[in-house]
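Asker: no sequence on this one, just coordinates:
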């Protein structure tokens, strides 16, 4: 998968990496983290020499850095009292062209190795392990292979597979053709079908490059970092890559001398060193990839314009994307980098930030551009500010406004209260205990580590914050950084203009390139024979792999799974007549709050606006206080307050559904009264008369939908396909599916907000009523009394009113058997769903197991390997009563639908082995037994009413599933039930087969202000 430098997420600092004030030191060291118990600098162990060691009290960890004497491999071990151990090996992989060789190598590396010469050991290990994270990702200049697991044997198994895969891959021609690119008939069973470019990565990147946001980001990177090519690959260039190029790139880059190895957790470092030393000792040292590539030099203004596709959900006259960028500091200067992150946060984060006010609230665009933020992923930082969905006549104004805002901030300075708010977020971020902390540490270090940043300095948050505070206390520090880096015209102004024919241009270029490749064979007539034969040979290899002996791969067994789960001790009570669930646990001085306000038979005209309500109360402000003022208080006093919609299927009856709203937040124990007061304020005092602010919010949400559809289109397809199967699935579609996409997009296009404001005001009258409310508190024992008092005061301030009840039937929700949503992407997202059973029905455990069997033993082979989709699988929503299939970035939907429709017959006639079932159960339990953050403990019971006793019963049912059970549910649900009632939804490029004559209901998404009927379902 793509990662790091190719991420198109908004690069706003501290969204996931908050900053904060200096922490009070506390005693934390254990035998695991005590430096005296760890190897000392100069020690030599198993072929490694210890370079240095350091304790980091604020993170409750100790780190040791070593070098492998023979190869020079760089190794960091982070010791922490955490059973969720992490391993990662990474390599510097600067790409020299746009063929995507690092990305394709990432895929093919995992297709078999010397010790494990089976096809796709990586995917096969997914169901031979209890890992809670297994992946590989290609960043702009490095490639990383991480995993995490709580099982020590599993850790040994996966580390061995990962090391052999990366250091000794087979890199077979068949794997290159499957994962990279090839030419073959669209349908291998039809020798007369058109010859096409195929390949998993090729199709993935076709999807990426037809997405306007990704294209803007990657074209920007092409110009700001011309020395770093597109590591993911441009389809126009991918077809230039040869197997020989791939093998040579591996030989040069995937070597211990060019590697960085990371381990984390409570497994002793000496255990790691013995295994690593044995693996690395077989290599001799080579010259490592040392080059730290840098961006362009900007000593004068530069302007560039490129062209890209339209955003399908946005106003046709607001399709420009534009940004202004500055070359920043050397990111190895940790303190200045931290300070610039603070500065970026102050400029960009929040509705009260100067850039948001000056650009988005001024209606110059709907949202920040994909490259906005401070990018520290390379040796030299880059700061960018830009907008998307800009009118052509506003492009220059955007640039002018950016410079104007910076001048104003230099003159007026930064409010110390806002700086304190940013720093407070770090304190909470460090205190907040997450289940995936080790993976977060690895990900936060990797880019800098590969680009000259000292990882020990990066870990030393407290030292960095202290130095920042010293500089800030002298006065004018942040303003000085503005002067140093921003107040000049040495910028790159990068603009993407819309081209309505962009998709056609891409298709024409691909057709020309395909013709050119075919001509190398002497024309299509001469090419068809060998290419069809090659495709058939690959299909035969793929088919043989399904029955390949994989006994060489290590594996866990079902007996490694405890039959009894660890139960969570909960207490219940009542405050102000409201039921309260208490989870008393070590929380590091934090209190977590969650409340559900449930509604029954809410009128449809209100229900559909609930998602917008949850956004509006944290955007519009009140009659007395602006949202900027409230945001400042939220940052100073809490770790955030949030609102979201709630849909839960009854654990024993699919026809019974709870709908409502969820309100949540967390804060330091002593700030809980302030958190409740802030929550009360936004719930009861929000001003729903501000049309301008609502317009800005709606346009921002619509812009976000554009990115969501491109990245997670399969999730929208699944939600829509399930919508007519159960009441809960229908509610999920209305509240978070294509129905919501079309509502918001239409609102943004028509600019009509009066009805929405009226509905939001109506919802506010009962959203936080005391009756039908329940609450949950997670805190330490010494905070319970104070929390009881604070919660009582909060609940006492809430109104006691009834929510309105629908007096007419639900509106006629059209969820056809076959729904198609045309989008300007070159690949598609597909889903098919069928109704099953509630959580407590024993068939649910069997269906959950069957979903894993079909994913790993059938769909992966047929849809991904043979069909070329980037991903495919089956799922069973245990608490939702829906079984389904999906494909992701799929070039061949008709073939995929045939496979999905025949999956039941495949499951019924297949002779499942005991080993097949064991692997499926291991896959299921990766999720069942995944580590849980303290803030989520007890939440399944609170949110869905599923008790530990129910979960224990389900656990036993899962462990006891047999082959006869699989055949039975396959017949009843995937054959009989599919014939009675199932539904399909597809999002993607319009094709000839998706017509009303073929039974498809087509729902256009290209919104025009004069065509509001297009959004009606």
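Answerer: All right, it came through fine. The structure presented is a predicted model; accordingly, all values stated were derived computationally and were not measured.
Asker: Quick one: residues in contact with the one helix or strand in the chain whose mean pLDDT sits lowest.
Answerer: In the chain, no helix or strand scores lower on mean pLDDT, DSSP states H and E than helix 978-980, which sits at a mean of 86. For helix 978-980, contacts defined as CB atoms under 8 Å, 6 or more residues apart in numbering pick out 834, 901, 904. Using the backbone N, CA and C atoms, a C-beta is placed for each residue, glycine as well.
Asker: The second one and residue 760: what is the separation?
Answerer: With distances defined as CB to CB, to the nearest Å, the gap from residue 901 to residue 760 amounts to 43 Å.
Asker: what's the answer for the first one, then?
Answerer: Residue 834 sits 36 Å away from residue 760, going by CB to CB.
Asker: in what helix or strand does residue 494 lie?
Answerer: Element membership for residue 494 (DSSP states H and E) is strand 492-498.
Asker: May I see the buried residues of the longest helix belonging to the chain?
Answerer: Counting by DSSP state H, the longest helix found in the chain is helix 691-722. For helix 691-722, the neighbour count (16 or more other CB atoms under 10 Å) marks 693-703, 705-707, 709-711, 713-722 as buried.
Asker: Over the strand holding residue 494, what's the mean pLDDT, rounded is fine.
Answerer: The average pLDDT within strand 492-498 is 97.
Asker: List the contacts of that strand.
Answerer: Counting contacts by CB under 8 Å, 6+ apart, the residues outside strand 492-498 that touch it are 212, 215-216, 219-220, 223-224, 296, 298, 301-310, 319-325, 371, 386, 392, 395, 399.
Asker: Neighbouring strands - and their directions - for it?
Answerer: Partner strands for strand 492-498, per DSSP bridges, with pairing direction: strand 302-308 (parallel), strand 320-330 (antiparallel).
Asker: quick one: the helix or strand following the longest one to strand 320-330, angle?
Answerer: Yep, that's strand 320-330 we're talking about. Remark: after strand 320-330, the chain's next helix or strand is helix 334-348, criterion DSSP H and E. If you take axes from the mean of the first three to the mean of the last three CA atoms, to 10 degrees, helix 334-348 sits at 160 degrees to strand 320-330.
Asker: Helices of the stretch 351-500 of the chain, start to end?
Answerer: Using DSSP state H, counting those that start in this stretch, the helices of the stretch 351-500 of the chain run over residues 354-355, 395-412, 416-431, 437-449, 455-459, 461-473, 477-485.
Asker: which residues does residue 108 contact?
Answerer: Residue 108 neighbours (CB under 8 Å, 6+ apart): 169, 171, 175-176, 179-180, 246.
Asker: Make a ChimeraX selection of the buried ones in those residues.
Answerer: A single ChimeraX command selects the buried members of those (16+ other CB under 10 Å):
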select :169,171,175,176,179,180,246
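Asker: biggest separation within the contacts of residue 108, which pair?
Answerer: For the contacts of residue 108, the farthest-apart pair by CB to CB is 169 and 180; their separation is 13.5 Å.
Asker: ok, residue 395 touching residue 323?
Answerer: No. In this structure, residue 395 is not within contact of residue 323 by CB atoms under 8 Å, at 10.6 Å.
Asker: got the domain boundaries for the chain?
Answerer: Using the TED database, the domain ranges for the chain come out as 35-281, 302-413+476-498, 501-546, 570-796, 818-1002.
Asker: Backbone dihedrals for the nearest residue to residue 88 once chain neighbours are set aside, please?
Answerer: Excluding its sequence neighbours, the residue lying closest to residue 88 (CB to CB, 6 or more residues apart in numbering) is residue 146, at 3.8 Å. With angles defined as degrees, to the nearest 10, residue 146 sits at phi -110, psi 160.
Asker: Enumerate every residue touching residue 146.
Answerer: 86-88, 133, 135-136, 262, 439, 442.
Asker: again with residue 634
Answerer: 640-641, 678.
Asker: And it, how close does it get to residue 475?
Answerer: Residue 634 sits 27 Å away from residue 475, going by CB to CB.
Asker: Also residue 380?
Answerer: In terms of CB to CB, residue 380 sits 28 Å off from residue 475.
Asker: Out of the helices of the stretch 351-500 of the chain, point me to the one whose mean pLDDT is lowest.
Answerer: Across those, helix 416-431 gives the lowest mean pLDDT, at a mean of 92.
Asker: List the buried residues for it?
Answerer: Buried residues in helix 416-431 (16+ other CB under 10 Å): 418-419, 421-431.
Asker: burial of the residue nearest to residue 609 when sequence neighbours are not counted, as a residue count?
Answerer: Excluding the flanking residues, the one nearest residue 609 by CB to CB, 6+ apart is residue 759, at 4.2 Å. For residue 759, the count of nearby residues is 20 (other CB atoms under 10 Å).
Asker: Name the SS class of residue 759, please.
Answerer: Secondary structure, DSSP: H, G, I helix; E, B strand; the rest coil: residue 759 is helix.
Asker: Quick check: it vs residue 145, distance?
Answerer: Applying CB to CB, the value for residue 759 to residue 145 is 49 Å.
Asker: Residue 476 too?
Answerer: 45 Å.
Asker: out of these two, which sits in the more crowded spot?
Answerer: residue 145 (23 against 14).
Asker: residue ranges of the helices in the stretch 601-750 of the chain, please?
Answerer: Ranges of helices in the stretch 601-750 of the chain, per DSSP H, counting those that start in this stretch, are 604-607, 610-616, 627-637, 672-685, 691-722, 727-736, 738-750.
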